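Asks: A structural model of the following input is requested.
(chains A, B, C, D, E and F)
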Protein chains: 6
Amino acid sequence: MSGKNDEFADFRERMNQRILEQDNQVVKRFFSLDSQTYRDGALNVKTKEMLGLVASMVLRCDDCIRYHVNQAHAAGVTRDEFFEVFQVGLVVGGSIVIPHLRRAVDALDELEQGGAES
Amino acid sequence: MSGKNDEFADFRERMNQRILEQDNQVVKRFFSLDSQTYRDGALNVKTKEMLGLVASMVLRCDDCIRYHVNQAHAAGVTRDEFFEVFQVGLVVGGSIVIPHLRRAVDALDELEQGGAES
Amino acid sequence: MSGKNDEFADFRERMNQRILEQDNQVVKRFFSLDSQTYRDGALNVKTKEMLGLVASMVLRCDDCIRYHVNQAHAAGVTRDEFFEVFQVGLVVGGSIVIPHLRRAVDALDELEQGGAES
Amino acid sequence: MSGKNDEFADFRERMNQRILEQDNQVVKRFFSLDSQTYRDGALNVKTKEMLGLVASMVLRCDDCIRYHVNQAHAAGVTRDEFFEVFQVGLVVGGSIVIPHLRRAVDALDELEQGGAES
Amino acid sequence: MSGKNDEFADFRERMNQRILEQDNQVVKRFFSLDSQTYRDGALNVKTKEMLGLVASMVLRCDDCIRYHVNQAHAAGVTRDEFFEVFQVGLVVGGSIVIPHLRRAVDALDELEQGGAES
Amino acid sequence: MSGKNDEFADFRERMNQRILEQDNQVVKRFFSLDSQTYRDGALNVKTKEMLGLVASMVLRCDDCIRYHVNQAHAAGVTRDEFFEVFQVGLVVGGSIVIPHLRRAVDALDELEQGGAES
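Replies: Modelled structure (predicted):
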């Protein structure tokens, strides 16, 4: 895993800790629910991560895209499959998605070159 | 297929025709591209329809949700699977998605009771 | 409580029941978390309902606006205070919020005339 | 001007009056600023109405779209020009814009058939 | 006040000046209206800044979040209260808000450690 | 053309190439359609670029704003005209647009000082 992914993961880890240190039950439960959402169920992890990725693309959240690219790659999504997820995100969300698509492909390239995922 | 679905399909059909009658190449090509997006490829139709559905949920587009509920149902998505798509949409998009979730479940109920899809 | 509010409350009630009948833990927990969010805490119910209302306005969700107008009215928010919540929503969210502001004021008028809230 | 346009204009008029009756300076000034925005200046009314229309399309606000279709039609925007505004809205905003495009074309058809604008 | 806050405030200040140097009445009046919005009225400054903050969170605007965290901190919002504003933003807006929540908590930590606000 | 514009153009160029290298027909056709959208037609390039710019502002996409500021500047949009596009974006989209307006003016200043556009 190279630079941008490390930096992102470090900040993410540090701030999640700060957030969960706070005694706020609703926020803590939301974080727990967020983790449960992507577990195997009627749909498998791979499918759910692709759902999370396309939702993140059309809502244009770069950190969320990077996170789900990492998770989906770990769950075995291939480059051709990634591009079909991207194609749905692009057609549904429009050209406004393109800058985020560029960063998604950059994150995917980084993962494929590094041979590792977080 | 019962009432709300019929009314929606009629308006959709009539206006699509009005739109495609117009000599605007970009609009026509976009409509054609939209159809290609959900065809079998590296991902199958069922998976792509679920991707289209979750994207429509987080962007909170009722007509799009109804359309993809119909298509996903026709592609064999089960009720349990639908709810896992809804769960991703709900957690990613937040409580603001709930009114659209209600209408999605209403559309699904209508399909399951009617035994038909458009 | 007059017509539009009744119709809204009926559909809301009926579909919530359909949703919670389904055995999907994430969706059920989300609904429970949503209820906890607006309880008295470091901030009181009145303040939290105003926060929920302004968030619903800028995200332009009519059902959510109607719901929080009802709840905020029940929690004692006055007409002048409502308009200051609306003013924040309008300035932050822009003229695109105006159609939703119209429906918010319509909902408020209905509550004040009916002398009741759901 | 036929049915849907009348109904929309009536509610719009009535609620604007209710809103401006309230003694809230920020809301009143916002409404006044909104009117000033589309006056002739470095850009003419026709261009500004097209800008307002495309912004309304990508933000997917049906009432705003109907309003700006009316105003742009009154300012002399032709059907071919309307479709080029729609094409920008569709490509920038994606297929999620299509349901709103259908209603925009419906509003335009109504205006062209009725020979009147509000 | 440490680094990120300084950099943000400098750019903000410099560009606001460039914007207001331009002879555009609508833009100038909008900036003036924006300032009036958060003044004491039927609701106090503290409440209004919390409304501005939650609106900025669900619309996912990092600069707006940082600005309102600063203003709300200056108006006396406590850490526990901040987290209840965050909880409403998170539940209404969904997991897509989490990256912005991380940056909001980072901004709050910076303020609390620096003992100063802009 | 100075620093920020160069960096943006380099990443944009490099990633577009990576995206178009992939054998995904829908993505490729979308990119082609995006280019066609802004060509002379019933509306001229200048008007279309202003439409693309205001759509990018209200959707708050910084890369898209920078791109259309460059294109619109090349198509002859003057500073006064730019500010009237900004005024529509600001009033329609609200104060949430302000941080993006700052970056749009920064991009415009850079172009005017550099005497060049990409």
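Asks: ok, now which ones touch the residue nearest to A:Phe83 when sequence neighbours are not counted?
Replies: Nearest residue to A:Phe83, sequence neighbours excluded (C-beta to C-beta, 6 or more residues apart in numbering or on different chains): F:Asn24, at 4.3 Å. For the C-beta atoms, the positions are set from N, CA and C on the backbone; glycine is no exception. Contact analysis of F:Asn24 by C-beta atoms under 8 Å, 6 or more residues apart in numbering or on different chains lists A:Asp80, A:Phe83, A:Glu84, A:Phe86, A:Gln87.
Asks: how about the residues of chain A near chain B?
Replies: Applying C-beta under 8 Å from any C-beta of the partner chain, we find that chain A lies next to chain B at A:33-34, A:37-38, A:41-43, A:47-48, A:50-52, A:54-59, A:64, A:78, A:80-81, A:83-85, A:87-89, A:91-93.
Asks: so, if you compare the contacts of F:Asn24, which one comes nearest to chain E?
Replies: Ranked by distance to chain E (C-beta to the nearest C-beta), these are led by A:Phe86 at 17.9 Å.
Asks: That closest one and A:Arg103 touch, don't they?
Replies: No. Counting by C-beta atoms under 8 Å, A:Arg103 is not a contact partner of A:Phe86; they are 11.4 Å apart.
Asks: The residue nearest the centre of chain A: what's it in contact with?
Replies: Nearest to the mean C-alpha position of chain A, by C-alpha atoms, centre = their mean, lies A:His68 at 1.7 Å. Contact analysis of A:His68 by C-beta under 8 Å, 6+ apart lists A:Glu49, A:Gly52, A:Leu53, A:Ser56.
Asks: likewise A:Asp106?
Replies: Residues touching A:Asp106, when contacts are defined by C-beta under 8 Å, 6+ apart, comprise A:Lys4, F:Met15, F:Arg18.
Asks: Which residues does the helix or strand containing the second one contact?
Replies: Under the criterion DSSP states H and E, the helix or strand holding F:Met15 is helix F:3-21. Contacts of helix F:3-21 with the rest of the structure, by C-beta under 8 Å, 6+ apart, involve A:101-103, A:105-106, A:109, F:1, F:27-28, F:31, F:63, F:66-67, F:70, F:106-107, F:110-111, F:114, F:118.
Asks: Next secondary structure after it?
Replies: According to DSSP H and E, the helix or strand after helix F:3-21 is helix F:25-37.
Asks: Go through stretch A:14-28 and flag the buried ones.
Replies: A:Met15, A:Ile19, A:Asn24, A:Val26, A:Val27 (16 or more other C-beta atoms under 10 Å in any protein chain shown).
Asks: Compile those into CSV and extend it with columns for pLDDT.
Replies: Compiled in CSV, those are given as follows (pLDDT from 0 to 100):
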residue, pLDDT
A:Met15, 97
A:Ile19, 98
A:Asn24, 98
A:Val26, 98
A:Val27, 98
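Asks: Take these and write them to TSV, including distance to E:Phe8.
Replies: Output for the buried residues of stretch A:14-28, formatted as TSV (distance: C-beta to C-beta, whole Å):
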residue	distance to E:Phe8
A:Met15	17
A:Ile19	21
A:Asn24	26
A:Val26	28
A:Val27	25
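Asks: Against the centre of chain A, work out the most remote residue.
Replies: Farthest out in chain A is A:Asp23, which, by C-alpha atoms, centre = their mean, sits 26.7 Å from the centre.
Asks: could you check the angle helix A:25-37 makes with the helix or strand of chain A at the bottom of the mean pLDDT ranking?
Replies: In chain A, no helix or strand scores lower on mean pLDDT, DSSP states H and E than helix A:3-21, which sits at a mean of 91. Here the directions of helix A:3-21 and helix A:25-37 differ by 130 degrees (axes from the mean of the first three to the mean of the last three C-alpha atoms, to 10 degrees).
Asks: How far away from the center of its chain is helix A:3-21?
Replies: 14 Å (C-alpha atoms, centre = their mean, to the nearest Å).
Asks: and chain A, which of its residues are near chain E?
Replies: Contacts of chain A with chain E, taken as C-beta under 8 Å from any C-beta, map to A:11-12, A:15-16, A:18-19, A:22, A:24, A:26-27, A:30-31, A:34, A:37, A:55-56, A:59, A:61-64.
Asks: any low-confidence regions in chain A?
Replies: Filtered on pLDDT under 70, chain A yields the residue ranges A:1-2, A:115-118.
Asks: Get me the contact residues on it for chain C.
Replies: Within chain A, the positions adjacent to chain C are A:Gln25, A:Val26, A:Arg29, A:Phe30, A:Leu33, A:Gln36, A:Thr37 by C-beta under 8 Å from any C-beta.
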